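Chemist: Sequence first, predicted model second:
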Amino acid sequence: MTGPSAENGSAMTPTPKAVEELANRIFKETRVPSFIHVNLDAVAHNVDVIRRLSGPNTELMGVVKGSAYGSGILPVVEVLLEKGAKELAVATMSEGIYLRKNDVTVPILVLGNLIEDEVVDILQYNLIPSLSWDKALRGFQKGDLCYPDGRRLQVTLNIDTGMSRYGVQPEDLAELVEFLDDLEVEIHSMYTHFQSSITEVNLNRKQLEKFLAATKPYEGRPFYRHAAATTGLVQGLGADLDFVRPGGAITGLCSGSDAEDAKQFESCGFRPALSVVTRPAFYKLLSAGRRIGYDGIYETTEPEWIVNLTTGWSDGCARKLSNQGAVKRIRTGEKCPIVGRVSMDSITIKLPDAPHSDEVFQLVTDDFDDTTSAIGVARRLGAAVYEITGNWSTRLPRVYTKGGEVVKVFRSLEYTN
């Protein structure tokens, strides 16, 4: 969470007092004991970092799939468009339709491989689907493939240079292009996706070289090329093509949890935007020998202060954090261990002393902490960083701030994207 800095009054390094004051204002407004906070100033800052890492003539295509990696698609899109993003990308047609129904008019790429049943809606909602082969369009005639305004269908071609999931093989690209030309389908762009981590520069460079070689015969045609997502941006690979295509970086999420990956990502200047904020719902001093929670997997060894926090695995807190996760106590900076099972609706933590009822805790911190940040939790669980933020459901309210003030609240269960 952000508030005035102890140094310069900015939102860059909030003081514990400022964090608590903002959180308690939000608690009062939302009338719940836990919420997800998204700092839109951090999103805007990250776009600036992305611009700095991109080529001077390279445009931004913001990838906002999976509810903008858990932060909420519409508020993040609003910042992206304010900051000059020319295009957006999502994973599914449904995400693209959702944006269109919310008056987003810029080009939207759907990165999941097109299937035949989606073509009618792709056309109706003016979306740009991704193709890896011709199967989805075989049953259509030229006259079928127009948007409502009469323009020809546009597609983006995924070229498999090493990921070995979706994507046309480079040697089959010419045949696919010829098929599309015969149908008068326009090629909006060609792209590839790097397989390896931030520290594996040489492997990703080989993919980029293969991609550039595959697309070189078509350089005289009016289409875009893009390869750099978050990893490529940090590595400087493909960041000078027509577009960069970051996703996690927009909300300050590193593409990997490895310590060196995280170090390089952080050094670029990115700032995590999402935190999970909570305060005590109940607390008590338990005597030694008390077993806590389901299955009693934690037993007190002395008189211990145990605090209940109202969030659990139904919200997105991984059950595997039972007896091994921690929560940040904002007032002191202490890491308070999660003790006992993470249950559906609640977790219990151990404090060294009695809490105050207005104290604020963060279950996921908006930083690069080795224990409580999305990176730290992912490393502990052997999970993807994006999984840690993307798994939070809509049962907790999502609260959006700019300049330390609340600008938008999606209350519990109000929001689905």
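Modeler: Alright, I've got the coordinates. Residues are numbered from 1 along each chain as shown.

Chemist: where exactly do the helices run in the stretch 151-300 of the chain?
Modeler: Listed in chain order, the helices of the stretch 151-300 of the chain (DSSP state H, counting those that start in this stretch) span 173-182, 201-215, 230-235, 259-267.

Chemist: closest one to Val76 among those?
Modeler: With respect to Val76, and counting by CB to CB, the nearest of the helices of the stretch 151-300 of the chain is helix 230-235 at 14.4 Å. Placement of C-beta: from N, CA and C, glycine included.

Chemist: correct me, but Tyr166 touches Leu131?
Modeler: No - contact between Tyr166 and Leu131 fails when scored by CB atoms under 8 Å: they sit 9.2 Å apart.

Chemist: Who has more neighbours out of those two?
Modeler: Ranked by neighbour count (other CB atoms under 10 Å), Tyr166 and Leu131 place Leu131 first, with 22 against 16.

Chemist: Identify the residues contacting the more buried one.
Modeler: The neighbours of Leu131, taking CB atoms under 8 Å, 6 or more residues apart in numbering as the test, are 113-114, 137, 155-158, 168, 176, 180.

Chemist: what sits in contact with each of Tyr166 and Leu131?
Modeler: Residues within reach of Tyr166 and of Leu131 at once, by CB under 8 Å, 6+ apart, are 113, 158.

Chemist: Distance check, Ala68 against Val76.
Modeler: 4 Å (CB to CB, to the nearest Å).

Chemist: Can you work out which residues contact both of those two?
Modeler: Between them, Ala68 and Val76 share the contacting residues 250-251, judged by CB under 8 Å, 6+ apart.

Chemist: ok, the two, which is more surrounded?
Modeler: For the pair Ala68 and Val76, the greater number of neighbours falls to Ala68 (30 against 23), based on other CB under 10 Å.

Chemist: Check which helix or strand Ala18 maps to.
Modeler: helix 16-30 (DSSP states H and E).

Chemist: Show the subsequent helix or strand relative to that helix.
Modeler: Per DSSP H and E, the first helix or strand lying C-terminal to helix 16-30 is strand 34-39.

Chemist: Measure how that next one sits relative to helix 16-30, angle-wise.
Modeler: Angle, strand 34-39 to helix 16-30, by axes from the mean of the first three to the mean of the last three CA atoms, to 10 degrees: 120 degrees.

Chemist: Please enumerate residues in contact with strand 34-39?
Modeler: So strand 34-39 is contacted by 1-2, 11, 23, 26-27, 70-72, 75-76, 251, 271, 273-279, 309-311, 315, 363, 366, 392, 396-401 (CB under 8 Å, 6+ apart).

Chemist: okay, now the residue lying closest to Arg25 once chain neighbours are set aside: neighbour count?
Modeler: Once flanking residues are discounted, Arg25 sits nearest to Val406: 7.3 Å by CB to CB, 6 or more residues apart in numbering. Val406 has 15 neighbouring residues, counting by other CB under 10 Å.

Chemist: In this structure Val406 contacts Glu29, no?
Modeler: Yes - between Val406 and Glu29 there is a contact under CB under 8 Å: 6.6 Å.

Chemist: ok so, going back, considering the contacts of Leu131, which possesses the most neighbours?
Modeler: Val155 (27 neighbours).

Chemist: for that residue, what are its contacts?
Modeler: 114, 128-131, 180, 185-188.

Chemist: Looking at those, which is nearest Thr105?
Modeler: Out of the contacts of Val155, the member with the shortest distance to Thr105 (by CB to CB) is Ile128, at 13.2 Å.

Chemist: most centrally placed residue in the protein?
Modeler: In the chain, the centroid-proximal residue (CA atoms, centre = their mean) is Tyr69; its distance is 2.4 Å.

Chemist: wait, what's in contact with that one?
Modeler: 247-248, 250-251, 253, 386, 389-390.

Chemist: Adding neighbour count, write those residues out as CSV.
Modeler: Listed next are those as CSV, based on neighbours: other CB atoms under 10 Å:
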residue, neighbour count
Gly247, 23
Gly248, 28
Ile250, 30
Thr251, 30
Leu253, 29
Tyr386, 22
Thr389, 30
Gly390, 20
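
Chemist: In CSV, list these along with distance to Ile330 and pLDDT.
Modeler: Formatted as CSV, the contacts of Tyr69 follow (distance: CB to CB, whole Å; pLDDT from 0 to 100):
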residue, distance to Ile330, pLDDT
Gly247, 29, 98
Gly248, 25, 98
Ile250, 25, 98
Thr251, 21, 98
Leu253, 21, 98
Tyr386, 25, 97
Thr389, 19, 97
Gly390, 24, 96
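
Chemist: Widest-spaced pair of those?
Modeler: Largest pairwise distance in these, by CB to CB, is 13.1 Å, between Ile250 and Gly390.

Chemist: circling back to that earlier point, out of the helices of the stretch 151-300 of the chain, which is the most enclosed?
Modeler: helix 230-235 (a mean of 26; mean count of other CB atoms under 10 Å).

Chemist: which secondary structure elements does the helix or strand harbouring Gly62 contact?
Modeler: Assigned by DSSP H and E, Gly62 falls within strand 59-63. Contacts defined by 3 or more CB pairs under 8 Å, 6 or more residues apart in numbering; DSSP states H and E place strand 59-63 against helix 40-53, helix 73-82, strand 87-90, strand 243-244.

Chemist: what's the offset of the helix or strand following it from the middle of its chain?
Modeler: Sequence-wise, the next helix or strand downstream of strand 59-63 (DSSP H and E) is helix 65-69. Offset of helix 65-69 from its chain centre (CA atoms, centre = their mean, to the nearest Å): 5 Å.
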